[in-house]
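Student: got a sequence here, can you build the structure:
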Amino acid sequence: MASIFREIIVDASPESVWATVGDFAGGAQRIAPGVFVDCRVDEGDVRALTFADGKIVRERLIARDERNRRIVWGWLGDEVTHDNTSMQVFAAGEGRSRLVWIHDTLPDELGAWLAAAMDQLVTVFQQNLATEAKPT
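Tutor: Numbering: from 1, shown residues only. Below is the predicted model of the structure:
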């Protein structure tokens, strides 16, 4: 199984970061506007996430833990035989957070593609989460 782990420090409080990351229905568009252009909850625990290129992926919410600021979901589709993604937010000093993003998937061949995509997205996440937390 391919397992990809990414970790970033965000210049925003854990509460602020969690408010976005923990929002299964609307957080994706806030964490990466322009990358994700639409997100709709089709069923109670399944969302359809639309990328800027028009690709739509369906993901099922597996767990959401408010106390530990952790959310887990899985990609649904013919491309995968198993998929489990988690994000967890930790305090990282005064007004800062550590976001841990783990993606486990089968088949293994998806690992390189997912790692490259995650590498591009972490900088977008880091910037947008810090920007969203700033008062306007």
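
Student: hey, what's residue 33 bridged with?
Tutor: Beta bridges link residue 33 to residue 36, judged by DSSP bridges.

Student: what comes up buried for the top helix by length along the chain?
Tutor: In the chain, with assignment by DSSP state H, the single longest helix is helix 110-133. The neighbour-count check on helix 110-133 (16 or more other C-beta atoms under 10 Å) flags 110-111, 114, 118, 121, 125-126, 128-130, 132-133 as buried. Every residue, glycine included, has its C-beta placed from N, CA and C.

Student: mind putting those in CSV, distance to residue 54 and pLDDT included?
Tutor: Compiled in CSV, the buried residues of helix 110-133 are given as follows (distance: C-beta to C-beta, whole Å; pLDDT from 0 to 100):
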residue, distance to residue 54, pLDDT
110, 20, 90
111, 24, 91
114, 19, 92
118, 21, 94
121, 18, 93
125, 22, 94
126, 26, 93
128, 21, 92
129, 25, 94
130, 29, 91
132, 25, 73
133, 30, 63
